[in-house]
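Student: Take a look and give me a structure for this.
(5 chains, ligands or ions: 4)
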Amino acid sequence: MMNKTGLIALLLLGFAGLYPLFVDSAWLAVGTTFLVFACVAFSQDIILGRAGVFHMGHAMFFGLGAYTTAILNVQFGWAILATWIPSVVIPMACAFALVAPIIHLRGDYLLVATIGFNIIFIQILENDVFGLTGGPNGLFGIDVVHVFGYDFSSQIHMYYMAFILLGITLFIMRSLDRSKFGRAMFYIHKDDIAAQSMGISLRYYKLYAFILGAGIAGAAGSMFSVQYSAVSPEAFNVTQSIMFFTIVLVGGSASLPGVLIGTFVMFVLPEVFREFETARYLVFGVAMILTMILRPRGIWPVKFGNIPSFLKKGAK
Amino acid sequence: MDIFLQQMVNGLTIGSLYALVALGYTMVYGVMRLINFAHGDLVAFSAFVGLSVYGSLFSEGTTSLLAVVSVFLLSALVVAFVGVLLERLAYRPLRTAPRLSAVVSALGAGLVIQNSVMLIWGPNMKIFPTDFFPSTLWSVGGIVITFTQVMILSLSSVLMVGLYFFINQTKIGTAIRAVAIDQDAAKLMGINVNRIVMIIFIIGSALGAVAGLFIGAYYRGITFDMGWMYGLNAFVAAIMGGIGNIPGAMLGGLLLGLFNAMITGYISTQWAETFTFVLLIVILVFRPTGILGEKVAEKV
Amino acid sequence: MHNMLLEVKDLHVNYGAIAAIKGIDLNVARGEVVTILGANGAGKTTTLRTISGLLKAASGSIVFEGRELSKLQAHEIVALGMSHSPEGRRVFSTLSVEENLMMGAYTLKKYDQATLDWIYEILPRLKERRKQLAGTLSGGEQQMLAIGRAIMSKPKLLILDEPSLGLAPVLVKVIFKAIKAIAKSGVTVLLVEQNAKAALKLADRGYVLELGKITHTGSSEELLNSEVIQEAYLGKKK
Amino acid sequence: KIGVQAPITGSYASEGQSIDNGVKLIVEQYNAKGGILGKKIEVVTCDDQGTAQQAAICAKKLVNEGVKAVIGSYTSGATEAAQTTYFRAGVLQTSDGTSDSLIAHKYWTFFRNSFPNSAEADFTAKYFVDGKQYKKIVVLSDYSSYSTDLGDATIKALKAKNANIVYEGKIKSGTQNFTATLTKIKAMEPDVIYFSGYYTDGGLLRAQQQQLGIKADFVGGDSNDNPDFMKLAGESAKGTFMINVPTPDILPYDIAKTFLVDYKAKYNAMPASIWSLMNVDGLRAILHAMEQTKSEDTKVVAEAMHKLKDFPGITGPVTFREDGERIGGGYMTYEVQADKSYKIVYQ
Amino acid sequence: MSEYLLEIQNVSKLFSGLVAIDNLSMKVKKGQIYGIIGPNGAGKTTLFNCITGIYTPEIGQILWKGKDIKGISPYKIAGLGILRTFQTIRLFSEMSVAENIMSGRHIKSKQRWYNGIIPTPAYFKDEKYQWTKVGELMEFFNLSLYATTPAGDLSYGIQRRIEMARALAAEPELLILDEPAAGLNENETIELTEMIRKIQAMGVTIMMIEHDMEMVMSLSEYITVINFGAKISEGVPSFVQADPKVVEAYIGSDEEDEDA
Ligand SMILES: Nc1ncnc2c1ncn2[C@@H]1O[C@H](COP(=O)(O)OP(=O)(O)OP(=O)(O)O)[C@@H](O)[C@H]1O
Ligand SMILES: Nc1ncnc2c1ncn2[C@@H]1O[C@H](COP(=O)(O)OP(=O)(O)OP(=O)(O)O)[C@@H](O)[C@H]1O
Ligand SMILES: [Mg+2]
Ligand SMILES: [Mg+2]
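Tutor: Residues are numbered from 1 along each chain as shown, chains lettered A, B, ... in the order given. Ligands and ions are numbered 1, 2, ... in the order given. A predicted model of the protein is given here:
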């Protein structure tokens, strides 16, 4: 069983690695964006699928990362490389500052509060606060990555940078799932009172999830802004947040393959069916309903029982 | 001073519309723990249905009680039917599924309704019959009140008070609350849960339909995608009041409308939404379950 | 047999792929008190939930007063005169005690004042807490409410799933006394209990369920005196 | 191969579809005559939904399809977001976007086939100060790139003429309810409310202004010029002022008249506005330049276009400046009459 | 330092007017099995909720090794070594039995904040150690067979055992059991009694609410009886059992039994 999953994963990895050789530049761009969105979806999944916090404002953290890179580069002339750290740290700091006061809210109340953050964020961007954000147009002309005089400017470079970013994200997800931090999130998710009684601080682990999720989303945002060399508010609005939210649930929350499938279904398929123009979203809506009815836990639901093999021996 | 009163009137009008829509959210939530994200789109749908009903039954420019009553009744009927259909097809199969799956289904349903409206009525803004309500307006000491506003304020108060008594004083109302708590136990009392859920969707959708028609009559221009905004505001209103709580939804709606008008009028247009959400978050920090939401300590 | 109120024949119930009930037969005659005993997970609750229509049987028949129930939904079955007080109480937590009782009488046009008075008489604690929200009652109080609520519909058959679960000895007595009074008033009772001794004392007949099958059946006395039963369920100690 | 990048869906769908229709009509006419340079023209349409993000995706996609030129988009924001991609790929682009920032890059590939906001703003200021002599002016805009740009340009032009602006504000497009803002404005007792946004909001603003009994004149920028404005404003449309270049139906040129007849015959509707026609003119200019140079090389074609002088367009003579700006203006003020027709009141 | 592990001093807890606990005091010695009985609604569970921080009593003190722990959040209380089971089972029902028990090891785990992102050698060592501990506990509670089974799929009796194993995994000093025998048949109850004895033998202090008189009386070294939130009697089992106040309020007289 372990082998089969491993094999599929290996095949997918190979495919993803060689993908740029097969496709034209439009599909390469879609591929790159897929990788970036997958990172964001994973980071959303840390909060939603693992810690079980109803969070529908994730595009904000994604946008914070993107705008951090854009502003530092366009307005202050920093090199892209130098903006990487702030584009991770600033979303994390914002996550802490914003979410800490409301982390005790339950389910839907928190959902609306996070939507609210997202909307406020967009309003700040649109009103061009301090003249930094470029208002509704956003910022254009973001640089590419230079290392030792070499420019990583082609679409293929973008693709592989995104590929590496996804690799790092997956590594973090795996570490998380196998540590007490990931488990604590699950316990809180499944029964918060029982979790507390086992000595698990709801506040700490929910915030941990938010901060970690915001950091990954921020990194993805930075990558996104470099890929498009432009950022504008509507790429980070609530509709986008809803998309990340839906990706996780359609794919299968807390499930690594699930989230990848979800990103594919929710982002790549609409690109494929772009030709159908107007009726496309109708079909898409129907598909969302059907998916949930047929696979209420997502297309590839999570499996628990991730325990060391020496404990499985006695089990039936 | 009259500017202030005028802002009050403006705010209460839009607030009543939010409240009507918020009731639909709150009722469905109360019984099914489902955030019915498609509800806003039903509201938009209603405005278009009203447009077609009026267009097909009356000649342009008719202003009569008959026209108003028939448009309201027929549209409410159609929308309620679609609401019930929605529940049947998109939500009932998910009753035992994890809560968030139904939320995704609701988001999908919203897309379906919105895009159906676009395919049927076209992507362009449509103009709701201008003569639907008489264009009478009254000017009282500098404040202007239109006939439409009076209709909105009075009819929505009647509907809200009626609903409150229905839920709290009647047997069906108590049964609705019982189903909201424990569906299996309700079945064991002989309550037909499916029927109760249907009633909820009929009432919620019909209230949304009324709101949709008022939006059309009040603002004239209706677009297939306008539901999202009303939906979101109403949802915020429901949360502000304490979701699942019927007086809470009304209070939340009115408060939101008023607050918005005052902020826009006296502080800033640009930052109105920011202020709204800051208010919401401040309320939630101090009252984590909304203004009227009971803090039911979970018994362990 | 015409005086059988409830007849269950060859009932099978599955949870997904797992078979929980593997073909049981069970009868309850009018006016009888019948108990089902069995270890945890034997399938007692499953059986009761299937009878009252909350679960659908995979096969087999359930006949109540000559009517086949398997096609009916739970709420329709209640209207026929069967009332089920579920395991774990399941009271409506944010309704008041009184509203809970009113819901018990949902199938009647109007609730019956005499029944209500009688419930308040045998379970006076409920009367005291009439206006309190049911969710804030203690476990025992909730159990009383669950039973009271079940008899508000004036059922012909009352199904009780572990009514003494988590009750203080003194309350167990109250509850059993109440059940006895209910039975005496002509209501047929089908009772599932962990507290086998008390249940058998109360019942006319009993069934023993093990892993989804009925292994023993007989009059209460027979079962009380049976060696096997004593060892398995009555905890013959020392 | 010609690309169309336009908002086929979304808020500006009617404009986008009108552009698409217009382009397809012209292409059909060319193809009927045997195409261009002996080849049939093919149209590839991409829906940018009026958003910058989709525009960026569209741009990549169209470049990839190997189009020589792209017509569109309608909104300045979507145009701007795609500009750089076309420039890098050497694909010609023509748009009606009026933001001044569009030509700031001086891309050789880009031709603005409409008139810049600054031209309109100057005209507006002249009208307000010299013509109407308004004393208290309110300027409203929305958040779109175009509207903000036009609003700012107008404010700048007004200030240059020492006009008294009592309020500058922004409304959120699609909100429908502007009563709060208008009530606030009412207290300032302005002479005129100028709105630089789109007709969907403009019509509502006007209607709500009337309802609240605000006496001021209402002057709308060019994007208010749309039949739907009249419907939205209803009764109150009468007496509204619009500032724009001529509308399709009053275009005095023959070529315009024949085009409109053909358009009507094919689609049984009128183009949504003159803006779609400007995009069509962009296409015509490009095709004309190709025929002239007998070349498909975009560099060559662009050069010819820069030299184009008074090419007879549907919307009037077309001449491009060095930076791709179309020279000209021809703004006028119309007053809406009781029967919803226009009367030219200032020129 | 006091000789008592836990001291409840004059604690009162109100629910909007209702006095759920009324000026209650009790003292639990280290190593004891301490029984709490009382009619339904007496406030027993509420008392446990006050001790474990789920509720904060309005009045009084709760001293843990002499220090007041009133109002401290539940997870910190667990960190002090006070662990509990619930009257209605609260397991992480979709997760495997092993993972459920692992939740008890949470507070014993030495993993640092960055181990959620990058594993370190110390992390691997710790992770291995914790799982080994889980294995031992499963052995002890006879649960090894179900290591990978989702807890929710198991029968009631087994779930009770998992809950106990989970609490014990945190190596508590005080284990609080709320009606551990509820829903168990008599044989299972006997097994449970043995289990509790073994736990006591490990040096764990136990507080227990139970309605099964036979079990409480045989296990407890000291019993407090509450009614309407107030203490009506306390003492060794034999004393309590014979106390007329207890008989009247809780046990019920035997004649009544015969009569029934
Ligand atoms: N929802 C469910 N899904 C899967 N299996 C279930 C479900 N509910 C019960 N079971 C299984 O069905 C079997 C019978 O359970 P049931 O609840 O009927 O037992 P019971 O005799 O009432 O036990 P108890 O005395 O514990 O109440 C058990 O093995 C149980 O694990
Ligand atoms: N969250 C709450 N809100 C209001 N009242 C409550 C709450 N929790 C408990 N109560 C009330 O406090 C009293 C004591 O309840 P508690 O659950 O502590 O009883 P108990 O002694 O554990 O009873 P049982 O043996 O039935 O479990 C009851 O009357 C109950 O109604
Ligand atoms: Mg059971
Ligand atoms: Mg208790």
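
Student: What helix or strand is residue 42 located in?
Tutor: All of this is about chain A. Per DSSP states H and E: residue A:42 is located in helix A:25-45.

Student: what pairs with the nearest residue to residue D:222 once chain neighbours are set aside across the strands?
Tutor: Closest residue in space to residue D:222, ignoring its immediate chain neighbours: residue D:244 at 4.2 Å, by Cβ to Cβ, 6 or more residues apart in numbering or on different chains. Every residue, glycine included, has its C-beta placed from N, CA and C. On the basis of DSSP bridges, residue D:244 is bridged to residue D:332.

Student: Residue D:244 is in contact with residue D:342, isn't it?
Tutor: No. Applying Cβ atoms under 8 Å, one finds residue D:244 not in contact with residue D:342, separated by 9.3 Å.

Student: Between the two, tell me which one has more neighbours.
Tutor: Set residue D:244 next to residue D:342 and count neighbours by other Cβ atoms under 10 Å in any protein chain shown: residue D:244 wins out with 23 against 18.

Student: show me what contacts the more buried one?
Tutor: Contact analysis of residue D:244 by Cβ atoms under 8 Å, 6 or more residues apart in numbering or on different chains lists D:221-222, D:225, D:274, D:331-332, D:334.

Student: Just the ones of those in helices?
Tutor: residue D:274 (DSSP state H).

Student: For the chain, just list every one of the helices.
Tutor: Picked chain A for this. A:2-22, A:25-45, A:58-70, A:80-99, A:107-126, A:155-177, A:180-190, A:192-197, A:202-228, A:238-251, A:256-263, A:269-272, A:280-294, A:309-312.

Student: Oops, wrong one, chain E.
Tutor: Taking DSSP H as the test, the helices found in chain E are E:44-51, E:74-80, E:97-105, E:121-140, E:156-169, E:186-201, E:213-219, E:237-242, E:244-246, E:254-259.

Student: Mind checking the pLDDT average for the longest one?
Tutor: Meaning helix E:121-140. Taken as a whole, helix E:121-140 has an average pLDDT of 92.

Student: for it, packing partners?
Tutor: The contact analysis (3 or more Cβ pairs under 8 Å, 6 or more residues apart in numbering or on different chains; DSSP states H and E) places helix E:121-140 against helix A:309-312, helix E:97-105, helix E:156-169.

Student: Next, the contact list for the spatially most central residue of chain D, please.
Tutor: Centroid-nearest residue in chain D: residue D:275, 4.2 Å away (criterion: Cα atoms, centre = their mean). The neighbours of residue D:275, taking Cβ under 8 Å, 6+ apart as the test, are D:15, D:19, D:74, D:96, D:114, D:222-223.

Student: okay, it: pLDDT?
Tutor: 78.

Student: Could you do residue B:86 as well?
Tutor: At residue B:86, the model reports a pLDDT of 94.

Student: What parts of chain E come near chain B?
Tutor: Chain E has residues E:45, E:49, E:54-55, E:86-88, E:90 near chain B, with proximity defined as Cβ under 8 Å from any Cβ of the partner chain.

Student: Please repeat the previous calculation with a cut-off of 10 Å.
Tutor: When proximity is defined by Cβ under 10 Å from any Cβ of the partner chain, chain E lies next to chain B at E:15, E:45-46, E:48-49, E:52, E:54-55, E:74, E:84, E:86-88, E:90, E:94, E:178.

Student: Ramachandran coordinates for residue E:32?
Tutor: When read as degrees, to the nearest 10, the backbone of residue E:32 gives phi -80, psi 160.
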